[in-house]
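J.: Quick one: sequence plus predicted model below, questions after.
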Amino acid sequence: MNAVLLPQKRAAEVNDGKTCSKKPKQEVHPAQLLRTTSYFGRYLDHVTFLVGPKAVPFTVHTGVLIERCPAFADNVLGIEVVRDRAALDGRKVLLEQEEARIFWIFLVWLYTCELVPPPEELGVGIDGVDVRVLGLPRRFADDEDSNTTGSWNDEDLVDIYLFGRRLQIDNLTTVAISTLATENGRIVRTASIAAVRKAFGAGHWAKLMCDYLVDEAEWYADWGKSPRTEQTRDYPDEYISRIEQASRDSSSAAKQFKSWRNAPCRYHVHHGIQEQEHCSLLWSKTWPKRRYTAEIYDGLQSVGTILVGEARYPIVLHKGLISGQSKYFCSAFSGAFAERKTGRIELLKESLDAFLAMVDWVYTQEIRERTMEDRRLLQALAGPRVNAFGVPDAATDDMPDDAASNVDAFGSLGAKKICQGELIELYVLADRERDLANLPSDFFALVVGKMLKLRAQPEIRPVWRLKMCFYHEHTDNAEKTTCRHEWKGYQAQLKAKGTAMEPVKA
C-alpha cells in the first residue's frame, strides 16, 4: 500500500513524522474519545485523499472511515487517529498509485454500504481532470451470443476487489467478488478476457479472485460458456491450464460443491465464524436490493463547510448530497450567493445537536435516538454548564435535552405550522406521564386543552397514527405515494397496538 500522509503546518508541539518518545504523554480530551463511540462524532473531522498521478481530491469523514475500514484507517492515518482525531482534521493523504475512478466507487460504497453501478462517463470532469485510465475500452463480457448485459463492468469489479485487498478493506472485497459472481450467474456468463488478465496479473493479492474465475469457468463449461478454443491464446496461460486440470480432477459432485450458491463464502476473507455465517446467509438468498442509483456519485463529488451555532463550529459535508435533500443548501451552494464561491455557509442560530442529527440522517437516511455518548459529546463540545453562581452544575450536565429541544422547536415554528399540532399530540398522547413544569405558557395552554379533550373523548387518536402524511410537506403526489408505501408497515404496527401510545420499535 503506497499511502503517504502529507505534512501539515501546525504548532510546534505537533510532530509530523518525527519521533515523540522523549515527550511526555499527552492527555486526550474526553471529546476526542467520544468521537469514536458516538454517531454524531463520525462527522466532526475529515481527511482528504489525493488519488492517482493527478492527485484528484476525495474528502472522507474520519469517523466513517474508522468505523467501516478500521485496518485501512489505522495503516494510512496511524495511531494518532485513535488518540487525537482533531489533530488529523483536514489532513491530506496521497494515494498516487490508485485509480481515482475506483476510489470514487469505493467512496460511494463507504457511505451507502452498497456497490452502486457507476455511470459510464464516471471519471470525466472531476475538477476538470480526466482520470480514466487510457487504453483499451472496458468491456462487460466476451459472450457475443448473449443479448443480455449486466449492470456492472466486470473489469471494474476486479479493480475494486484488488483495491480492497491492497488497502485491507475485506468487506469491500467480499462485496466485489459476490457482485461479480451474482452478475455472471444471473446472465450465465464468464468474466471477460480483460477482467481475467487483470486478476491473473495482480500477483498474490488476487489469489482468491483467480480461484473463483477458474471455478466459474469450470462450472459454466456445461453451459457452453467457457473460453472458446479460438480464444484461449488471449487468456493467461495459468488460467487455461488450471481450468483443464480442474476439469480432469473434478467430479460432478465436486462441481456442485463449488457452485457459488452452495458455498458463497468460499472466496471471501472473514474474521470469525459469526461474520462468515451472516455473510453466507446473505449471499445464498436473493440479491440485496439497491437503495441508490448512479446519481449518488454526483452527491459525493465535492464538499462545503457549514459553520454552526454561536461558536461557529465547522462541519464539512458533501454539497451534492445535502443539496439534494434541501432547497436551502442547493440555492446557497449553486445560486448567485457568496456561499457558492467560498463553499461556506453560516448557520449561527442553529444548535449543533440538531444540525448533527440532520447530518446523520442525510448520510444514513435514518433518524436515530441519541445515545449517551452523543449527549456527552455535545456537552463536551459546548463546555460545562453553570448555575446562577457560575459554578459547573454536574447534575445538569447529565440531564437529557429532549424537553428543552421540544421547547426550542416549538418556539421557532410559525403559529400556523402543522408541526406545532404534531408536537402537542406527541407530548400529550405519547409522553403524558412527563412533568409539565417549565413549559412555555402558550405551549402549556395548548397541551392542557388537548388533555381536557382527551378526558372527554377517550377514543381520540392522534392523526399521525392514522394518516402519517398529514404532517408531511411533500413536493408532489409521487413523493407522497412513495412515503405512504414506506410507512405502511409502521402504521400497521401502530394500529395493532390498540390504545397503547408508546412508539413502536422497529
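T.: On my side now, so go ahead.
J.: Report the mean per-residue pLDDT for stretch 342-362.
T.: Averaged across stretch 342-362, pLDDT comes to 89.
J.: Find the nearest non-adjacent residue to Glu350, please.
T.: Val308 (5.6 Å; Cβ to Cβ, 6 or more residues apart in numbering). Just so you know, the C-beta spots here come from the backbone N, C-alpha and C atoms, and that holds for glycine as well.
J.: swap in Val303?
T.: Leaving aside its chain neighbours, Val303 sits nearest to Thr59 (4.5 Å; criterion: Cβ to Cβ, 6+ apart).
J.: Please apply the same query to Ser302.
T.: Among residues not flanking Ser302 along the chain, Lys319 sits closest, at 5.4 Å (Cβ to Cβ, 6+ apart).
J.: Quick check: bridge partners of the residue nearest to Glu350?
T.: Counting by DSSP bridges, Val308 forms beta bridges with Tyr313, Leu347.
J.: For Phe72, see how far away it is.
T.: As judged by Cβ to Cβ, to the nearest Å, Val308 and Phe72 stand 29 Å apart.
J.: Which strands and helices lie in contact with the longest helix that the chain contains?
T.: Longest helix of the chain, by residue count under DSSP state H: helix 477-496. Under the contact criterion of 3 or more Cβ pairs under 8 Å, 6 or more residues apart in numbering; DSSP states H and E, helix 477-496 touches helix 463-466.
J.: Now do the contacts for Ile345.
T.: The contact partners of Ile345, taken as Cβ atoms under 8 Å, 6 or more residues apart in numbering, are Gly304, Thr305, Ile306, Leu307, Phe329, Ala332, Phe333, Glu339.
J.: Return the set of buried residues in the one helix or strand it maps to.
T.: Using DSSP states H and E, Ile345 maps to strand 344-347. For strand 344-347, the neighbour count (16 or more other Cβ atoms under 10 Å) marks Ile345, Leu347 as buried.
J.: For the next helix or strand after that strand, buried residues please.
T.: Later in the chain than strand 344-347, the nearest helix or strand by DSSP H and E is helix 352-364. Under the neighbour-count criterion of 16+ other Cβ under 10 Å, helix 352-364 has Leu352, Asp353, Ala354, Phe355, Leu356, Ala357, Val359, Asp360, Val362, Tyr363 buried.
J.: Of the residues you listed, which is the nearest to Glu96?
T.: Closest approach between the buried residues of helix 352-364 and Glu96, by Cβ to Cβ: Tyr363, at 28.1 Å.
J.: the inter-axis angle of the helix or strand hosting the residue nearest to Val303 versus helix 352-364?
T.: Assigning secondary structure by DSSP H and E places Thr59 in strand 56-61. In terms of direction (axes from the mean of the first three to the mean of the last three Cα atoms, to 10 degrees), strand 56-61 departs from helix 352-364 by 120 degrees.
J.: strands paired with strand 56-61, and their directions?
T.: strand 46-51 (antiparallel).
J.: List the neighbours of the strand it pairs with that are in contact with it.
T.: Strand 46-51 is touched from outside by 6, 56-62, 65, 77, 88-96, 98-100, 103, 131, 303, 316, with contacts defined as Cβ under 8 Å, 6+ apart.
J.: Send me that strand as CSV with only the CA atoms.
T.: Only the C-alpha atoms of strand 46-51 are listed here, as CSV (Å, rounded to 0.1, in the frame of the first residue of the first chain):
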residue,chain,number,x,y,z
HIS,A,46,-12.4,14.7,7.9
VAL,A,47,-9.4,13.7,5.8
THR,A,48,-8.8,14.4,2.1
PHE,A,49,-7.3,11.7,-0.2
LEU,A,50,-5.3,12.8,-3.2
VAL,A,51,-5.8,9.9,-5.6
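J.: Mind checking the pLDDT average for it?
T.: Across strand 46-51, the average pLDDT comes to 92.
J.: got it, and stretch 201-217?
T.: Mean pLDDT, stretch 201-217: 88.
J.: The residue nearest to Val303 against Gln301, yeah?
T.: No - using Cβ atoms under 8 Å, Thr59 is not in contact with Gln301, being 9.7 Å away.
J.: Now do the shared contacts for those two.
T.: Residues within reach of Thr59 and of Gln301 at once, by Cβ under 8 Å, 6+ apart, are His318.
J.: which helices and strands sit right next to the helix or strand Val108 falls within?
T.: Taking DSSP H and E as the criterion, Val108 maps to helix 100-112. Judged by 3+ Cβ pairs under 8 Å, 6+ apart, the packing partners of helix 100-112 are strand 46-51, strand 56-61, helix 62-68, helix 154-166, helix 170-187, helix 296-299.
J.: what's the neighbour count on Ala217?
T.: 22 (other Cβ atoms under 10 Å).
J.: quick one: what helix or strand has it in it?
T.: helix 207-219.
J.: elements contacting that helix?
T.: By 3+ Cβ pairs under 8 Å, 6+ apart, helix 207-219 packs against helix 154-166, helix 170-187, helix 193-200, helix 237-249.
J.: same thing but 7 Å
T.: In terms of contacts (3 or more Cβ pairs under 7 Å, 6 or more residues apart in numbering; DSSP states H and E), helix 207-219 is packed against helix 170-187, helix 193-200, helix 237-249.
J.: between the ones you listed, which one is nearest to Val214?
T.: Between the helices and strands packed on helix 207-219, helix 237-249 lies closest to Val214; by Cβ to Cβ that is 4.6 Å.
J.: Show me which parts of that closest one are buried, residue by residue.
T.: Tyr239, Ile240, Arg242, Ile243, Ala246.
J.: Could you measure from Leu50 over to Arg233?
T.: 40 Å.
J.: follow-up on the earlier one: pick out the lowest-pLDDT one from the buried residues of helix 237-249.
T.: For these, the pLDDT minimum is Ala246, 77.
J.: I'd assumed Trp219 was in contact with it.
T.: No - contact status for Ala246 versus Trp219: not in contact, 9.7 Å apart, counting by Cβ atoms under 7 Å.
J.: circling back to that earlier point, and the helices and strands packed on helix 207-219: which comes nearest Cys279?
T.: Nearest to Cys279, of all these, is helix 170-187, at 6.4 Å by Cβ to Cβ.
J.: Determine the angle, from 0 to 180 degrees, between that closest one and helix 207-219.
T.: Relative orientation of helix 170-187 and helix 207-219, computed by the same axes, to 10 degrees: 10 degrees.
J.: coming back round to it: who has more neighbours out of Leu50 and Arg233?
T.: Neighbour tally, Leu50 and Arg233, criterion other Cβ under 10 Å: the higher count belongs to Leu50, 18 against 9.
J.: Spatially, and excluding backbone neighbours, which residue is closest to the more buried one.
T.: Once flanking residues are discounted, Leu50 sits nearest to Leu94: 4.9 Å by Cβ to Cβ, 6+ apart.
J.: cool, and Phe58?
T.: Once flanking residues are discounted, Phe58 sits nearest to Phe49: 4.8 Å by Cβ to Cβ, 6+ apart.
J.: what about that neighbour, how many residues close to it?
T.: Neighbours around Phe49, by other Cβ under 10 Å: 23.
J.: Next one, pLDDT for the closest residue to Phe337 other than its chain neighbours please.
T.: Leaving aside its chain neighbours, Phe337 sits nearest to Ser331 (7.4 Å; criterion: Cβ to Cβ, 6+ apart). At Ser331, the pLDDT value in this model is 90.
J.: Now do the SS call for Cys265.
T.: Three-state call for Cys265 (DSSP: H, G, I helix; E, B strand; the rest coil): coil.
J.: got a pLDDT number for it?
T.: pLDDT, read off for Cys265, is 79.
J.: And for Tyr471?
T.: 74.
J.: Look up the closest residue to it, ignoring the ones flanking it.
T.: Take Tyr471 and drop its neighbours on the chain: the residue closest to it by Cβ to Cβ, 6+ apart is Glu422, 4.6 Å away.
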